[in-house]
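give me coordinates for this.
(4 chains)
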2 protein chains.
Amino acid sequence: MQLNFSVKLNEKLYLRDPERSDLGKQIITAGIKMVYEIGYEQLTFKKLAAAIPTTEATIYRYFENKHKLLIYLVDWYWAYISFQIIFHLNNLTNAEDKIKKIIDLLVWEDNASEFAVDLDQKALYYISIAEGNKTYLSKDVDENNREMFYKPYKDLVQLIADIFKEYNPDYKYPRSLASSLVETSHFQYYFMQHLPRLCDFSDQKDPKEIEEFLENMVFGALNQQA
Amino acid sequence: MQLNFSVKLNEKLYLRDPERSDLGKQIITAGIKMVYEIGYEQLTFKKLAAAIPTTEATIYRYFENKHKLLIYLVDWYWAYISFQIIFHLNNLTNAEDKIKKIIDLLVWEDNASEFAVDLDQKALYYISIAEGNKTYLSKDVDENNREMFYKPYKDLVQLIADIFKEYNPDYKYPRSLASSLVETSHFQYYFMQHLPRLCDFSDQKDPKEIEEFLENMVFGALNQQA
DNA sequence: TTAAATATAATAGTAATACTATCAAAAATA
DNA sequence: TATTTTTGATAGTATTACTATTATATTTAA
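Numbering: from 1, shown residues only, chains lettered A, B, ... in the order given. The predicted structure follows:
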């Protein structure tokens, strides 16, 4: 079964909606590929234009600058993960199972999606890990926050926090634990790949080990006595 | 009592040792101030030179580029925190107390240091929070890792992991928990300041609340049954 | 179907960034 | 005092991050 997923992202992120033209979609697709391959710092609209191919000026008609393009990509990813979580939690009643499912969905393992998505998901997953923090670790954070650029991330955190509350209504830090879970899932994945001395995972680089660690951490916190 | 702290950082980080000249020290001091004030992305060696004042070319004789300058600053900070932890744990025998002390030291609260330090510590703390991840979230991570640029961070994580092992010798993920603790302490602080919906702290913005959350998380994980 | 509106390509240009090079003056050191 | 090292002053280059203009192609609306 193939279902479809699409989101309407914050209009202030772009000058011209990339979803609404062929070229716009190519900018997104090639943008994902390029950020994945050479990293955000090395990306320029000139290189991106050459890859599509189109002209630099044309890309500037879609996105003001590469930072907004990055936020666009990462926002898309958060919305996608939120959707996945909502979908997969639908048939679960037990809060513990839900949390385990969330952790499973946060840590990627080539789980071929049952959703038809144009974007290269695995590349986007890596982008959200390696570049995602850069969307808000910048001097523009407060301004961007006012423009609601981080809403998809906040929605995801709230979604997870609500399940934590369901599991333990007395737990005091559901949102902090949710944001920590999301960030930690990314960092431990990155460390496993690049800085193994910062974690305890085997050479197998099996994401299942990350999930075990995260389950231990999350349930440990939620079950802790006050 | 005033004690002194100084470290010898990886020689490959600089072309000329900034500790060994007045101008070098000014580059570091002004660099901290400027990254703190305008952020890493906005920093240029030209602006930095104007602030000191000296010439752009002179700064290039000390540091190859601003990324290495950033790593230099952040490495210095990790080494400093490690030193603080070693010093303050000296008179503690109980592992639980040690862990609480570590958390206390990781979360800043204007605790005037008893160590004479030339650098502006509070600014450096913010830099390590807002810019620290950028030292390794880059395409050069593997190369930089081979050059041992992340050794101070790894040493800190190992130091904390050893205390976790002391507290619970059976715990499976001491290093992962240590790196998660360090990262989480930073992110929750940043969220408290800029994105409060991602955490559960009051408007007081009291770092003590972060410490409580972190203690809950760490002891929860460490006390969890296998 | 044709006219009008819109999007894109092609080209050019600017200010700032991220450097490198040269050489003379100043400062440190032997 | 002579020698070495460091810094300042200046210049220059390639790339980045944009903006502007105009002609052409494509889409849409009458």
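
ok, and the helix or strand in chain A with the lowest average confidence?
Lowest on mean pLDDT, DSSP states H and E among the helices and strands of chain A sits strand A:115-116, with a mean of 68.

state the mean pLDDT of the next helix or strand after that strand.
Counting by DSSP states H and E, the next helix or strand C-terminal to strand A:115-116 is helix A:121-130. Helix A:121-130 shows a mean pLDDT of 94.

likewise stretch A:61-68?
98.

list the contacts of stretch A:38-47.
A:31, A:34-35, A:56, A:59-60, A:63, A:66, A:70, A:127, A:130-131, A:134, B:138-139 (C-beta atoms under 8 Å, 6 or more residues apart in numbering or on different chains). To be clear about C-beta, it is placed using only N, CA and C from the backbone, and glycine gets the same treatment.

could you redo the last one with a cut-off of 7 Å?
Applying C-beta atoms under 7 Å, 6 or more residues apart in numbering or on different chains, the external contacts of stretch A:38-47 come out as A:M34, A:V35, A:E56, A:I59, A:Y60, A:K66, A:L70, A:E131, A:K134, B:S138, B:K139.

give me the buried positions along that stretch.
Neighbour counts over stretch A:38-47 (16 or more other C-beta atoms under 10 Å in any protein chain shown) mark A:G39, A:Y40, A:E41, A:L43, A:F45 as buried.

and the fourth one, what element?
By that I understand A:L43. In the assignment (DSSP H and E), A:L43 maps to no helix and no strand.

for A:A49, see how far away it is.
Separation of A:L43 from A:A49 (C-beta to C-beta, to the nearest Å) stands at 11 Å.

and if you look at the second one?
Distance of A:Y40 to A:A49, computed by C-beta to C-beta: 17 Å.

swap in the third one?
Computed as C-beta to C-beta, the A:E41 to A:A49 distance reads 18 Å.

any idea how many residues pack against A:R197?
Neighbour count for A:R197, taken as other C-beta atoms under 10 Å in any protein chain shown: 17.

skipping its backbone neighbours, what lies nearest it in space?
Take A:R197 and drop its neighbours on the chain: the residue closest to it by C-beta to C-beta, 6 or more residues apart in numbering or on different chains is B:K154, 4.9 Å away.

what residues of the helix or strand where that neighbour lies count as buried?
According to DSSP H and E, B:K154 maps onto helix B:151-167. By 16+ other C-beta under 10 Å, the buried positions in helix B:151-167 come out as B:151-154, B:156-161, B:163-165, B:167.

what subset of those is also close to DNA strand C?
Contacts with DNA strand C within the buried residues of helix B:151-167, as defined by C-beta under 7 Å from any atom of the strand: none are present.

want to throw the residues you listed into JSON lines with pLDDT?
Listed next are the buried residues of helix B:151-167 as JSON lines, based on pLDDT from 0 to 100:
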{"residue": "B:K151", "pLDDT": "98"}
{"residue": "B:P152", "pLDDT": "98"}
{"residue": "B:Y153", "pLDDT": "98"}
{"residue": "B:K154", "pLDDT": "98"}
{"residue": "B:L156", "pLDDT": "98"}
{"residue": "B:V157", "pLDDT": "99"}
{"residue": "B:Q158", "pLDDT": "98"}
{"residue": "B:L159", "pLDDT": "98"}
{"residue": "B:I160", "pLDDT": "98"}
{"residue": "B:A161", "pLDDT": "98"}
{"residue": "B:I163", "pLDDT": "98"}
{"residue": "B:F164", "pLDDT": "98"}
{"residue": "B:K165", "pLDDT": "98"}
{"residue": "B:Y167", "pLDDT": "98"}
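
which residues touch the residue in chain A positioned nearest to chain B?
Nearest residue of chain A to chain B: A:G220, at 3.3 Å (C-beta to the nearest C-beta). Residues near A:G220 by C-beta under 7 Å, 6+ apart: B:G220, B:A221, B:N223, B:Q224.

ok, now with 8 Å
Shown in contact with A:G220 (C-beta under 8 Å, 6+ apart): B:M217, B:F219, B:G220, B:A221, B:L222, B:N223, B:Q224.

mind checking how far the fourth one is from A:R20?
Just to be clear, that refers to B:A221. Here the criterion is C-beta to C-beta. By it, B:A221 lies 47 Å from A:R20.

repeat for A:A178
33 Å.

for B:A221 and A:R20, indicate the residue with more neighbours.
Set side by side, B:A221 and A:R20 show more neighbours around B:A221, with 27 against 10, by other C-beta under 10 Å.

residues of the helix or strand containing the more buried one that come out buried?
Using DSSP H and E, B:A221 sits in helix B:207-223. Neighbour-count burial for helix B:207-223, with 16+ other C-beta under 10 Å as criterion, is recorded at B:207, B:209-211, B:213-222.

I am finished for the moment; much appreciated.
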